[in-house]
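# I'd like to go over a predicted model; first the sequence, then the structure.
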Amino acid sequence: MPAKLVILDRDGVINQDSDDYIKSLDEFLPYPQAIEAIARLSQAGWTVAVATNQSGIARGYFEVDTLEAMHAKMQELVNAAGGKIDHVAYCPHGPEDGCSCRKPLPGLLEDIRDDLGLDTLEGSWMVGDSLRDLQAGDAAGCQSALVRTGKGRRTLEKHPELTIDSKVRLFDDLADFADWLLE
């Protein structure tokens, strides 16, 4: 049976993104509608996980404890809205580190699958705002959705073929995706 799982990229999907990286708890600014969307998905029986590249750690922009504080805040907000994030996986490596977890590789998604005790990611959704999110989802066997928040609009401008790729669903934001999925 396919997993009832939604995997979310973090920056640009759950919270505002920055080309200068999200380096502190003060810079971690969640979209209120994204927090509510996660809660609604969770309440509807979907398992929600987060898969996020965080090369700012490798680059020395922030420490792991700062990242964990951001994730704790994210969890608190979702919990307060009546939802739950079941797992958060992050890649702390830089693009040159040669790891297997940095998206567009599927390592983070495979870690989520294994940590949640799933046999497959077939039927799961990967929701992101960049081509690398979609590529990671595709490589892991997920269905893919692109949101226009964060870098989503820029991704569509660079890759207009995504608008006609029937494998990729397009949404204004995470709330729009949740509305569609829960319809």
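Nice, thanks for sending it over. Numbering: from 1, shown residues only.
# For the closest residue to D115 other than its chain neighbours, the count of nearby residues, please.
Sequence neighbours aside, H87 is the residue nearest to D115 in space, at 5.5 Å (criterion: CB to CB, 6 or more residues apart in numbering). All C-beta atoms are positioned from the backbone trio N, CA, C, and that covers glycine. For H87, the neighbour count with other CB atoms under 10 Å is 16.
# if I pick H87, what's in contact with it?
49-50, 112, 115-116 (CB atoms under 8 Å, 6 or more residues apart in numbering).
# can you give me the strands for the chain?
Using DSSP state E, the strands of the chain run over 5-8, 47-53, 87-91, 125-128, 143-147, 168-171.
# Which one, of those, ends up nearest to V78?
Ranking these by their distance to V78 (criterion: CB to CB) puts strand 47-53 first, at 8.0 Å.
# neighbouring strands for the closest one, and are they parallel or not?
Partners of strand 47-53 in the sheet, by DSSP bridges, are strand 5-8 (parallel), strand 87-91 (parallel).
# Of all the residues in that strand, which ones are buried?
Applying a neighbour-count criterion of 16 or more other CB atoms under 10 Å, the buried positions in strand 47-53 are 47-53.
# quick one: average pLDDT of stretch 161-169?
Throughout stretch 161-169, pLDDT has a mean value of 83.
# Endpoints of it, how far apart?
End-to-end distance for stretch 161-169, by CA to CA, to the nearest Å: 12 Å.
# And for R132, the neighbour number?
So R132, with other CB under 10 Å, has 17 neighbours.
# Would you check that it makes contact with P106?
No. The pair R132 and P106 does not pass the contact test of CB atoms under 8 Å, sitting 10.9 Å apart.
# Tell me which of the strands of the chain is the most buried.
strand 125-128 (a mean of 28; mean count of other CB atoms under 10 Å).
# Would you list the strands that that one pairs with, along with their directions?
Assessed with DSSP bridges, strand 125-128 is paired to strand 5-8 (parallel), strand 143-147 (parallel).
# mind checking which of the ones you listed is nearest L181?
Closest approach to L181 among the strands paired with strand 125-128 (CB to CB): strand 5-8, 7.4 Å.
# Alpha carbons only: can I get the closest one in CSV?
This file holds the C-alpha atoms of strand 5-8, laid out as CSV (Å, rounded to 0.1, in the frame of the first residue of the first chain):
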residue,chain,number,x,y,z
LEU,A,5,3.2,10.8,3.3
VAL,A,6,3.9,14.4,2.3
ILE,A,7,7.6,15.5,2.3
LEU,A,8,8.1,19.2,2.4
